[in-house]
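Visitor: dropping the sequence and predicted coords here.
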Amino acid sequence: MIGSLESLRGLMFSNGVSRVYAKELAPNDNSKNQIYLGGDFSALNVIPHGEVFYDNDQRAGSKRDRAKAKVSFSWISTDGQFEAPNANLILYPKYPEVRMSGFLQGCKQAPSDVLNVRDEGRVLVLGVKPDGTVLGFATQSDHPVAKQIRSGEWPKTGVFHDISSSGLQSEGRSELLARLAQIHLRGWIQSQKLSPTGEKVPYAARNGGGYTLEAELGVTPNAYAGPDFMGWEVKQYGVTDFIKLRAKSPVTLLTPEPSGGLYRELGFDQFMQRFGYPDKNGTPDRVNFGGKYVAGRGHHDDTGLELRLSGYDAQSLKITHLDGYIGLFDRDGNCAASWPFMQMMDHWQRKHAKAAYVPSIHRKPPPEYAFGPEVILCEQTDFLLFLAAVSNGQVYYDPGMKLEKISSLRPIPKRRSQFRIKHSELAKIYERHESVKLV
């Protein structure tokens, strides 16, 4: 029997949980009205979820457009784990807010007596496992667990109390800082990259700073849009010295390929031949697609395309249409390329819930990197902060694409879409940030 908060935490940890959160339930937090998880999208940083998808509510009389994300969720007790197969998150961008629903459906062992009522003082506890599954426990107001949570002073993450104690959130930060301190103290490190088998191999290209840092952390390069190290996204940025820590170039935040517009309809090669321009260094038989695309700055001289947001209100800072997108438009109003909000939201929340920015210095030959004694830790982002930064020009599109041997039967493509921000503007896209000295 679960008779205290410590026994509940012990049960959670013994079942593989690494983070534990609690929410004090309001009367409207019930199976009929769903469970309110906050007036922004920060809950997506706390609760692991599947791909965000658009859902037009087809119930009679309903006019709500919304997005959903599946949650791998089970209720836990001393008798075991019991899957709630219909649990999901519901996103209402127009408010904005996130709610949880379906947590009782299809699960006979669910705590219906707690979540079918409107009693004050009830508590929901969520345990998050590293593999993305979530374990839940809910209890009435007079239970010792509820009393201990209500009487305690806990760190806050959105609407949640972080009651992890020794969970991943604290351990991950401490381990990350310890590893970064070791890497700093190593001094100059040969430019390298981890192979798929985990072997460090020399890497000579100019963009070796990130790969070298990842290799030292044991992170194998991959295309998965998830954090690098124990829940933290780790990014390096080049500086000239470790005193002023002045960034030499902007920070690349995301590199998603467009999934809409003429880019998708025509295919990459035809898109490049239509909107690209001859290589400015005179390389024959090659077209490029580059430049800086900033919302509100008009059409680019080289490509004739302009960056705009569709379905976003810059005054209210809200999404007005769930099928909205970031797009590039030509002078005739045709959408040349687009990134749907739902795609970008999912990528952003997974990748940037917690991020560490590490300064580096480069020298050659041979190519080597040293990593700095002070890092910036950023937490509690929200996709609406990202969209606001795109709208006001702080985040911009900066592609580096090319098509070589265009007259041949098999042109050689290079796809590289980047959304970037000046290093000095990073704080605008996180609720919390701090500089931490490693040594």
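Guide: Sure, I can see it.
Visitor: who does the lengthiest strand in the chain pair up with?
Guide: With DSSP state E setting the assignment, residue counts place strand 354-363 as the longest strand in the chain. Sheet partners assigned to strand 354-363 using DSSP bridges are listed as strand 233-238 (parallel), strand 368-371 (antiparallel), strand 374-379 (antiparallel).
Visitor: just tell me which of those strands ends up closest to Leu37.
Guide: In this view, the strands paired with strand 354-363 are compared for proximity to Leu37 by CB to CB, and strand 374-379 is the closest at 17.4 Å. For glycine as for every other residue, the C-beta is placed from the backbone atoms N, C-alpha and C.
Visitor: SS state for Ala178?
Guide: For Ala178, the secondary structure call by DSSP: H, G, I helix; E, B strand; the rest coil comes out as helix.
Visitor: numbering from 88 from now on, please.
Guide: Sure, I'll start numbering at 88, so the last one becomes Ala265.
Visitor: roughly how far does it sit from Ile276?
Guide: Plainly put, Ala265 is 17 Å away from Ile276 if you go by CB to CB, to the nearest Å.
Visitor: repeat for Lys155
Guide: Using CB to CB, we find Lys155 at a distance of 44 Å from Ile276.
Visitor: more neighbours: which of those two?
Guide: Between Lys155 and Ile276, counted using other CB atoms under 10 Å, Lys155 has the larger neighbour count: 20 against 17.
Visitor: can you pull the domain assignment for the protein?
Guide: When the chain is parsed into structural domains using automatic domain parsing, the resulting residue ranges are 92-252, 256-524.
Visitor: worst mean pLDDT across the helices and strands of the protein, which element?
Guide: The helix or strand of the chain with the poorest confidence is strand 140-143; it has a mean of 73 (mean pLDDT, DSSP states H and E).
Visitor: point out where this protein drops to low pLDDT.
Guide: Using pLDDT under 70 as the threshold, the predicted model of the chain has low-confidence ranges 143-152, 252-258, 307-315.
Visitor: all helices of it, in order?
Guide: Per DSSP state H, the chain carries helices over the ranges 92-101, 130-133, 199-202, 231-238, 255-272, 295-304, 349-353, 355-362, 428-439, 470-478.
Visitor: same for the longest one, what does it pack against?
Guide: It stands for helix 255-272. Contacts defined by 3 or more CB pairs under 8 Å, 6 or more residues apart in numbering; DSSP states H and E place helix 255-272 against helix 295-304, strand 441-450, strand 455-458, strand 461-466.
Visitor: mind running it again at 10 Å?
Guide: The contact analysis (3 or more CB pairs under 10 Å, 6 or more residues apart in numbering; DSSP states H and E) places helix 255-272 against strand 106-111, helix 295-304, strand 320-325, strand 441-450, strand 455-458, strand 461-466, strand 519-524.
Visitor: one more: the third one?
Guide: Secondary structure elements in contact with helix 199-202, counted by 3+ CB pairs under 10 Å, 6+ apart, are strand 210-215, strand 221-226.
Visitor: so which of the ones you listed is nearest Tyr483?
Guide: Of all the helices and strands packed on helix 199-202, strand 210-215 sits nearest to Tyr483, with 33.8 Å by CB to CB.
Visitor: just give me the neighbour total for Ala156.
Guide: Around Ala156 there are 22 other residues, counting by other CB under 10 Å.
Visitor: typo on my end, it should be Ser199
Guide: The local packing of Ser199 (other CB under 10 Å) involves 14 other residues.
Visitor: is it true that Arg361 touches Gly348?
Guide: No - here Arg361 does not reach Gly348: they are 11.5 Å apart, not a contact under CB atoms under 10 Å.
Visitor: between the two, which is the more surrounded one?
Guide: Set side by side, Arg361 and Gly348 show more neighbours around Gly348, with 20 against 16, by other CB under 10 Å.
Visitor: that one and Gly383, how far apart?
Guide: Counting by CB to CB, the gap from Gly348 to Gly383 is 19 Å.
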